[in-house]
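A.B. asks: Prediction below, plus the sequence it came from.
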Amino acid sequence: MTDSDQILQIRISLMDIEPSIWRRVLVPGDMTLARLHDVIQVAMGWYDYHLHEFQVGDRCYGVPDLDFLDPDFKIYRDSSLKLEAIVRRGIGRFTYTYDFGDNWKHEVVIEQLLPGAANIVYPAFVGGERRCPPEDAGGFPGYFRFLEAVMDPAHEEHKRMLEGVGGSYAPEEFDVDRILLGMENIARRRRPEPRKTRSQ
């Protein structure tokens, strides 16, 4: 089996929140961190409104801002590192941070390596539990205040908080159909374009 045939089973967990908010996905070994960012956004239920970074070993990967380069803090391009290279380094877990204001830290664990299956389109969603916090909730303190308000119809902020998330919010439920559609879109972008012949 070559690296390109290698499939990684990955668990993504939002850190420091109980009960745990997590997702499990299957991704190709030749996927870059930039594409894994897309997978995490879709799987968790984020909307990619904010900046992100990966901390892999002693290096930070993201999208460097050429206008604000810090010589003491180098950020490598997340499109430059593939997951198969992380596996070869013997790294089994790393962190992903989304939205530096709210500071949502995720633990990314490579649970196992699997052979690719011809009947599965990758990336693939496997499972998970609980809905992620709303965008711009205000980090953990804001999220817990939000939950307190939306779960109590008598709370003075109940109506306003619900309006901000479309009128309803069930912390135990997440939109599987949206995840499956998002994974399908990512997989479509991965497929090579068909080669044209002279007659086309």
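C.D. replies: Arrived safely, thanks for sending. Fair warning: this is a prediction, and the values are worked out from it, not measured in the lab.

A.B. asks: care to break this structure down by domain?
C.D. replies: With domains defined by automatic domain parsing, the chain comprises 3-132+174-190, 133-173.

A.B. asks: Need the residues that contact the top helix by length along the chain.
C.D. replies: The helix that spans the most residues within the chain, counting by DSSP state H, is helix 176-190. With Cβ atoms under 8 Å, 6 or more residues apart in numbering as the test, helix 176-190 has contacts from 23, 25, 28, 31, 35, 38-39, 41-43, 45, 121-125. C-beta here means a position set from N, CA and C on the backbone, and glycine is covered the same way.

A.B. asks: Could you find which two of these are furthest from each other?
C.D. replies: The largest separation in the contacts of helix 176-190, counting by Cβ to Cβ, is between Pro28 and Gly45 at 22.3 Å.

A.B. asks: Just give me the residue right at the centre of this structure.
C.D. replies: Residue closest to the average C-alpha location in the chain (Cα atoms, centre = their mean): Ile40, at 1.3 Å.

A.B. asks: can you tell me how far that one sits from Gly92?
C.D. replies: Here Ile40 is placed at a distance of 17 Å from Gly92 (Cβ to Cβ, to the nearest Å).

A.B. asks: What of Ile86?
C.D. replies: Ile86 sits 9 Å away from Gly92, going by Cβ to Cβ.

A.B. asks: Could you list the buried residues of the longest helix of the chain?
C.D. replies: The neighbour-count check on helix 176-190 (16 or more other Cβ atoms under 10 Å) flags 179, 182-183, 186-187 as buried.

A.B. asks: End to end on stretch 91-108, go ahead and measure it.
C.D. replies: End-to-end span of stretch 91-108 (Cα to Cα, to the nearest Å): 11 Å.

A.B. asks: residue ranges with poor pLDDT in this protein?
C.D. replies: Along the chain, the parts satisfying pLDDT under 70 run over 1-4, 67-69, 190-200.

A.B. asks: quick one: the helices in it?
C.D. replies: With DSSP H as the criterion, the chain has helices spanning 33-44, 83-88, 139-150, 158-164, 176-190.

A.B. asks: To Asp72, which of those lies closest?
C.D. replies: So among those, helix 33-44 is nearest, using Cβ to Cβ, at 22.1 Å.

A.B. asks: most residues in a single strand of the protein, which one?
C.D. replies: When the chain is parsed with DSSP state E, its longest strand is strand 104-115.

A.B. asks: Let me know how buried Gly138 is, in neighbour terms.
C.D. replies: Gly138: 14 surrounding residues under other Cβ atoms under 10 Å.

A.B. asks: contacting residues around the nearest residue to it once chain neighbours are set aside?
C.D. replies: Leaving out its chain neighbours, the residue that sits closest to Gly138 by Cβ to Cβ, 6 or more residues apart in numbering is Asp102, at 6.5 Å. Asp102 makes contact with 50, 133, 136-139, 142, according to Cβ under 8 Å, 6+ apart.

A.B. asks: now the helices of the chain in TSV, with distance to Ile10?
C.D. replies: Shown next, in TSV, are those (distance: least, Cβ to Cβ, whole Å):
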stretch	distance to Ile10
helix 33-44	8
helix 83-88	8
helix 139-150	24
helix 158-164	31
helix 176-190	13
